[in-house]
Structure formats: structure tokens, C-alpha cells
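1. Build me a model:
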Amino acid sequence: MILGYLKRKEGSAFIITLVVMAIFVILCSAILSFAIDNRKMSIDNSLFHSSYYIAESGLTYVVSELKNNIENIYFTSANQTDFFNKVHSFITDTIARYKNFEYENVRGLTPTKAVRIEEYVYSNYSGNTAFYKLSSYGEIDGVRRKIEQSFIVEYPEPFESEFAIFAGERLELDKKGNVIKGSIALASDNIFKNENANSNHISVDLSQISLDKDSYFYINENVYHDLNYNVPKNLGENNLSRLRILEPRTYEFSHIPDMNIDNKVTKDSISYIKLEKDTYIPSLISDGELKVKVDTTINLLVDTLDVKGDLIIDGIGKLRIYVKESLYIGGDVSIKYLPVPPKLYIYYYNDKIENNTISLGEFCGILYVNKANIRLKKGASFEGHIISGGDEIELLGSDDSYQEINGAIFAPYASITVKNKCRINGVVICDRFIAEGSELSIYYDEPEFFADYPYKPTITDLTDLIHVSHARESDK
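-> Numbers count the residues shown, from 1 in each chain. Here you go, the predicted structure:
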């Protein structure tokens, strides 16, 4: 009896042991399954987030590279079309460079990625902006994330150049015998912001000029209804147009570039010099004619340029003269073997306003002036561009044949006064334009403004040319 009882107790213990072991195995299996699932979720979550970061990094790289290089693109572009072509090429090249980047393996897996242009909108008729939509994806072991981001690239027009004359405040062309072949625009009294400007009134008198039948007279919309004006008698209603409202703008002269010049020349007076590398000459003085020979692109920095006679540029190179303090050329400025584009560039940085007038004879090249006024001597011609931040430009014209100016005059703060016979083949951009004499002819010819154009609209940060929207994930 006792033996049977013991046997029954052993059987119960065995069953209990089996039950406990079964429960333990089930709990271990559950814990193991939970750990495996948790591990898998962790891996999936890691791959999910890593794929997103890879996709995001593609867009970040392309946009940041564009922002870092937009200033260089802008200042090396000849015009708006060239600017947007360079922007587009830069974006496609940057995308190609990104494609060759290699990311580190994630959990032993190799990521794949790509950036592409989903949408691009720009044409010569779409204004001064281009629209982009980029997409970027990152993928690891089948886990794929795609992000899209849009941005607009803006081209800040430095000035209006589609007119024969573009004036900010005043136009006086009331003498008989004046001929304009091209459109005329009068902007407003504050289109060019300058603390020295006299903007008390807006006036225009075009009653006596002969305007080409295909030309237009444009008036800014914000003064269209309040402006008293006399227009050419042959100007039809269809040729009187409203100019779009233009934002007031300020222009700044560029700084003297860092040239790292280690070649310094000191001479009292010279008549000939050959430049083979960038040079600094504190006082470049010639008591008569000065001939400068250059066979490559040369930067010449001077404090004073004082040439009593003619300045002649010889050779096959390009010369940029940066004048810091004083500029005087008593004779003419000429270039042997006249090239296109011109190969002489003179930058005059003196910012004094009082008693600071440059008097010029014949001139061939590009003249950039910070604050000085300019007087072109009677009968002297100008082949190139005059670009000035000064207050006055005086063209003395000619008593006999026409004084010829072939190129652009960009002087947004200046009053340009023309006396006697004068013919301008190009464009004139100024604040006030006054023709005191008759027989003024202006023939519109759109100029090629070069990449080293030193005036620019004041933009505190040129990355402001890029307007970026927030990135959004796409399930497409």
C-alpha cells in the first residue's frame, strides 16, 4: 500500500516536471521570437531611416553646391540666358558627381541612391526665373525612400538694356533734328537709389524728336497716370506702353580683387613698358606718349596713372588697369589690332565726389568709374563702354562731323548732357538725359556686357537668388 502511494507520487512529480519544462520552453520560444522580431524591426527601422537620410543627403548636396557656386556662376555669365544655361549644366554635373559617391555599408548592405531632375521650367519668355523639381532616393536591401524638393533660381537683371534710352527721372529731347532708332523708357523718380540724386520731379519732352515707327515709349506703371509728358507727334497709341513696375535698386562698385602681386616697379617717368605678369606700379607717369605691351592677360595695379600724351596698348593680350587714387590721360587711348571684345579695361576706384572729373580724348576700351564725373572732349570718339557711378557725364559733341560713341553708357545715378552733334550706337542708361543741342542720333544696338562687369544690384547674399521649398517624401 505504501509502495503504491510512492509510485503515484513519482508519477505526479514527473508530470509536473514536464509541465514546467513545457512552460519554460514556451516562454523561451516567446522571448526568442520577440527578440528576433525586435531585432528585425530594429534592422528594418535602421534601414528605413538610413534610406531616408541617404535620399535627403542627395538633395542637400545638390542644393548646397548650387548655393556655394551661384555667385561665381552669376559673375561669369554674359547674360540671362548664359546664366541659366550655366546653372542647368552645374546642376546636371553635380548630380553626376553625386552618383559616383560611395556610402559606407549599412549592416553589411550596400546602399543605392540617385538624384534626378523631375521638372524644369525656363525659356527666354518665362521672365528671370527658372523652376526646378528634384527627386532623390535611397535604397538598402529593398527598403526605398524617395524625397522631392522644388526651388526657384532667380536672375537679378543688372539693368534694362532693351531700350535706346532708359532714364530714371528726366528726359529732355526737345530740340529739332534729334533722331532715335529704338525704344525709350522713363522709369520713375526713385528707380535708382542714390543719396545725392535730385528726385523732386519727373519730366519728359520728346515732342521734337523723330522716333522710329517700330519703337515704343515706355512709362513706368506707378507714374503712368500722374505724369505730364509731351511725346513725338508720330507716336501712335499702340506705341505708348506701360513699363512694368521696377523695384528701386542700388548699384555697388566691386572691390579691387586680390591679385597677390609680387612684382613691384618704381620709375619716375616712362614711355614704354612690357608687362609679362601682374604688376604693381605705385605711380605710373609718362611725360609724353606711353606704350604698354601685353601678350597675355595682365592685371596692373597703380595708385596714380598720369599720362600727358597718348596711351597705346600693344600686343595680343588683355590689360586690366586698376587705378586707386588719380587718373589722368592727356591724349588719346588707342589699341593696336582692335580686338573684339576689347582688351583694355580701366577701373577707377577713387570715391571722392568734389573736383573729381575725368576728361577724355579718343578712347578705345572699357572704362569703369566709381564716383568720378566724365567729360568726353569735343570731337573725341569712344569705342567701348562707359560704366559709371558718378553724378555727371558730359558729351561735348562736335561742331562739324558727329562725335561717335559705339557702345553702352551705363550711369544709373548720372545726369548725361549732350551738346552739339553726337551719334550713339548702343544704349544709354542714366537717371537724367538732357540734349542741349540738335542733331543727336541714338541707334539702339544691344551691347555685349562682359563677365567682369563691376556693378551689381546690392544683394546681401547671392544665395538669395535660390528660393528653396521644404523637402517632402513621395510615395511615387
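
2. in a helix, that's where residue 390 is, yeah?
-> No: counting by DSSP: H, G, I helix; E, B strand; the rest coil, residue 390 is not found in a helix; it is coil.

3. in terms of contact, does it touch residue 369 like I think?
-> Yes: in this structure, residue 390 is within contact of residue 369 by CB atoms under 8 Å, at 5.8 Å. (Each C-beta comes from the backbone N, C-alpha and C, glycine too.)

4. which of those two has more neighbours?
-> Taking neighbours as other CB atoms under 10 Å, residue 390 and residue 369 compare with residue 369 leading, 26 against 22.

5. Tell me which helix or strand comes right after the longest strand anywhere in the chain.
-> In the chain, taking DSSP state E as the definition, the longest strand is strand 403-418. Downstream of strand 403-418, the first helix or strand assigned by DSSP states H and E is strand 422-435.

6. Which strands and helices lie in contact with that next one?
-> Contacts defined by 3 or more CB pairs under 8 Å, 6 or more residues apart in numbering; DSSP states H and E place strand 422-435 against strand 165-172, strand 403-418, strand 440-444.

7. So what sits opposite the closest residue to residue 48 other than its chain neighbours in the bridge?
-> With sequence-adjacent residues excluded and distances taken as CB to CB, 6 or more residues apart in numbering, residue 48 is closest to residue 143, at 5.6 Å. Using DSSP bridges, the bridge partners assigned to residue 143 are residue 140.

8. where's residue 143 relative to residue 136, distance?
-> As defined by CB to CB, to the nearest Å, residue 143 lies at a distance of 15 Å from residue 136.

9. Output the lowest mean pLDDT helix or strand found in this protein.
-> Lowest on mean pLDDT, DSSP states H and E among the helices and strands of the chain sits strand 455-457, with a mean of 44.

10. what kind of secondary structure is residue 25 in?
-> helix.

11. ok, so what distance separates it from residue 33?
-> Counting by CB to CB - residue 25 and residue 33 are separated by 12 Å.

12. Also residue 396?
-> To residue 33, residue 396 is 98 Å away according to CB to CB.

13. Of the two, which one has the most company?
-> Neighbours were tallied for residue 396 and for residue 33 using other CB under 10 Å; the higher tally belongs to residue 396 (19 against 10).

14. where does the stretch 151-300 of the chain have low pLDDT?
-> For the stretch 151-300 of the chain, residues meeting the criterion pLDDT under 70 lie at 156-161, 174-177, 188-255, 257-260.

15. I'd guessed residue 395 sits against residue 415; true?
-> No: when contacts are counted by CB under 8 Å, residue 395 is not listed as touching residue 415 (11.6 Å).

16. which one of these two has more residues nearby?
-> It is residue 395, of residue 395 and residue 415, that has more neighbours when counted by other CB under 10 Å, with 28 against 21.

17. need the contact list for that one.
-> 376, 403, 405, 416-419, 422 (CB atoms under 8 Å, 6 or more residues apart in numbering).

18. and with 6 Å instead?
-> 376, 418, 422 (CB atoms under 6 Å, 6 or more residues apart in numbering).

19. Then residue 132?
-> Contacts for residue 132 (CB under 6 Å, 6+ apart) come out as 120, 151.

20. Are we agreed that it is in a helix?
-> No: looking at residue 132 with three-state DSSP, it is strand, so not inside a helix.

21. Neighbours of residue 69, how many?
-> Other residues near residue 69 number 14, with proximity taken as other CB under 10 Å.

22. so which helix or strand takes in it?
-> Following DSSP H and E, the helix or strand that holds residue 69 is helix 2-75.

23. Show me what whatever helix or strand comes next after that helix is packed up against.
-> Sequence order places helix 80-99 as the next helix or strand after helix 2-75, per DSSP H and E. Helix 80-99 is packed against helix 2-75, with contacts defined by 3 or more CB pairs under 6 Å, 6 or more residues apart in numbering; DSSP states H and E.

24. can you give me the mean pLDDT across the helix it packs on?
-> Averaging pLDDT along helix 2-75 gives 74.

25. do the same with stretch 315-324
-> On average, the pLDDT along stretch 315-324 is 88.

26. List the contacts of that stretch.
-> By CB under 6 Å, 6+ apart, stretch 315-324 touches 256, 293-303, 305, 313, 343-349.

27. just the buried members of those?
-> 293-294, 298-302, 305, 313, 343-349 (16 or more other CB atoms under 10 Å).

28. Take these and keep only those in strands.
-> Mapping the buried ones among the contacts of stretch 315-324 onto strands (DSSP E) picks out 293-294, 298-302, 305, 313, 344-348.

29. Could you export the residues you listed to a markdown table, including columns for distance to residue 331?
-> Shown next, in a markdown table, are these (distance: CB to CB, whole Å):
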| residue | distance to residue 331 |
| --- | --- |
| 293 | 18 |
| 294 | 19 |
| 298 | 22 |
| 299 | 24 |
| 300 | 19 |
| 301 | 23 |
| 302 | 18 |
| 305 | 13 |
| 313 | 13 |
| 344 | 15 |
| 345 | 19 |
| 346 | 15 |
| 347 | 20 |
| 348 | 17 |
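
30. Out of these, which is nearest to residue 364?
-> residue 344 (6.9 Å; CB to CB).

31. Backbone dihedrals for the closest residue to the closest one other than its chain neighbours, both of them.
-> Excluding the flanking residues, the one nearest residue 344 by CB to CB, 6+ apart is residue 365, at 3.3 Å. Backbone torsions for residue 365, taken as degrees, to the nearest 10, come to phi 150, psi -170.

32. do you know how far residue 365 is from residue 440?
-> 24 Å.

33. So these two - more neighbours on which side?
-> Each of residue 365 and residue 440 has its neighbours counted (other CB under 10 Å); residue 440 has more, 26 against 21.

34. Tell me what that one is bridged to.
-> Beta bridges link residue 440 to residue 422 when assigned by DSSP bridges.

35. looking at it, it is touching residue 178, isn't it?
-> Yes: here residue 440 lies in contact with residue 178, judged by CB atoms under 6 Å, at a distance of 4.5 Å.
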